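Trainee: Generate coordinates for the sequence data below:
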Amino acid sequence: MHIAIAGNIGSGKTTLTELLAKHYKWEPHFEDVTDNPYLDDFYTAMQRWSFNLQIYFLQSRFRQVVDIRESGKNIIQDRTIYEDAHIFAPNLHAMGLMPERDYDNYQSLFNLMEPFLQPPDLMIYLRASVSTLVEQIQKRGRSYEAGIRLDYLNRLNERYEAWITTYSKGKILFIDADVNKFGDNPRDLGEIIERIDAEVNGLF
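Mentor: Model prediction:
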């Protein structure tokens, strides 16, 4: 079983991944932010480092998908390769932060990889307003995220909504992160677990 958690920066993906992995005793797969060699540079000079960052994420997440497939384990994954290709890279290109030739190169690589991808059995989408995202980003205090602009988060939110409404590779569970405070409220987490159980049982 492969469950993936999708959502904007600060929506609570990592927290929910940790909580669900603990509850189900499944193996968590996290986004590579600790060892990512481009994040600090990217948030300092987005145009210079956008292509480097996105290529790093692309290869990292493709490797993750391969590892998940080969492991034979029950996995909960923090963010998907689809978000990189359909949200972050196109957004950087649209904002003029990734040149046309770099974006075309990136999309060619993703298109080459996509036939080999195995989508998750269940996608959990954390929907959150920009105010909630900012609150969560400030709370965790990552230095490289301190300069994220509101318009950047808003653009990402718009692209997330456009993408998730057309996602057709598997089941989706929608969570309103403005209302459901699963990180602080065990009852809210329990509600998510009940909904996951219902969806997972429906897969068999």
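Trainee: contacts, neighbours, all on C-alpha from now
Mentor: Fine.
Trainee: from the chain's centre, how far out does the host helix or strand of R63 sit?
Mentor: Assigned by DSSP states H and E, R63 belongs to helix 46-71. Averaging C-alpha positions (Cα atoms, centre = their mean, to the nearest Å) puts helix 46-71 12 Å from its chain's average.
Trainee: next SSE after it?
Mentor: Of the helices and strands lying after helix 46-71 in sequence (DSSP H and E), the nearest is strand 75-78.
Trainee: Report the mean confidence score over the helix or strand that that following strand is followed by.
Mentor: Sequence order places helix 81-83 as the next helix or strand after strand 75-78, per DSSP H and E. Mean pLDDT, helix 81-83: 95.
Trainee: Use 44 as the first number for this chain going forward.
Mentor: Sure, I'll start counting at 44 from here, so that last one is helix 124-126.
Trainee: got the contact list for the following helix or strand past helix 124-126?
Mentor: Where DSSP H and E defines the elements, the next helix or strand beyond helix 124-126 is helix 132-137. Contacts to helix 132-137, defined as Cα atoms under 8 Å, 6 or more residues apart in numbering, come from residues 93, 97, 141-143, 146, 198-199, 202.
Trainee: I'd like the mean pLDDT over helix 132-137, please.
Mentor: When pLDDT is averaged along helix 132-137, the result is 95.
Trainee: Over to stretch 157-177?
Mentor: The average pLDDT for stretch 157-177 rounds to 94.
Trainee: and that stretch, C-alpha only, in PDB?
Mentor: Only the C-alpha atoms of stretch 157-177 are listed here, as PDB (Å, rounded to 0.1, in the frame of the first residue of the first chain):
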ATOM      1  CA  GLU A 157       6.400   9.300 -16.400                       C
ATOM      2  CA  PRO A 158       5.600   6.000 -18.100                       C
ATOM      3  CA  PHE A 159       7.800   4.300 -15.400                       C
ATOM      4  CA  LEU A 160       5.900   5.900 -12.500                       C
ATOM      5  CA  GLN A 161       3.500   4.000 -10.300                       C
ATOM      6  CA  PRO A 162       1.000   6.300  -8.800                       C
ATOM      7  CA  PRO A 163       0.000   6.000  -5.100                       C
ATOM      8  CA  ASP A 164      -3.000   3.900  -4.200                       C
ATOM      9  CA  LEU A 165      -4.400   6.900  -2.300                       C
ATOM     10  CA  MET A 166      -3.600  10.600  -2.600                       C
ATOM     11  CA  ILE A 167      -4.300  12.800   0.500                       C
ATOM     12  CA  TYR A 168      -4.600  16.400  -0.500                       C
ATOM     13  CA  LEU A 169      -4.200  19.000   2.200                       C
ATOM     14  CA  ARG A 170      -6.100  22.100   1.200                       C
ATOM     15  CA  ALA A 171      -5.000  25.300   3.100                       C
ATOM     16  CA  SER A 172      -5.400  29.000   2.800                       C
ATOM     17  CA  VAL A 173      -2.400  31.300   2.400                       C
ATOM     18  CA  SER A 174      -2.900  32.500   6.000                       C
ATOM     19  CA  THR A 175      -2.700  29.000   7.300                       C
ATOM     20  CA  LEU A 176       0.400  28.300   5.200                       C
ATOM     21  CA  VAL A 177       2.100  31.400   6.600                       C
END
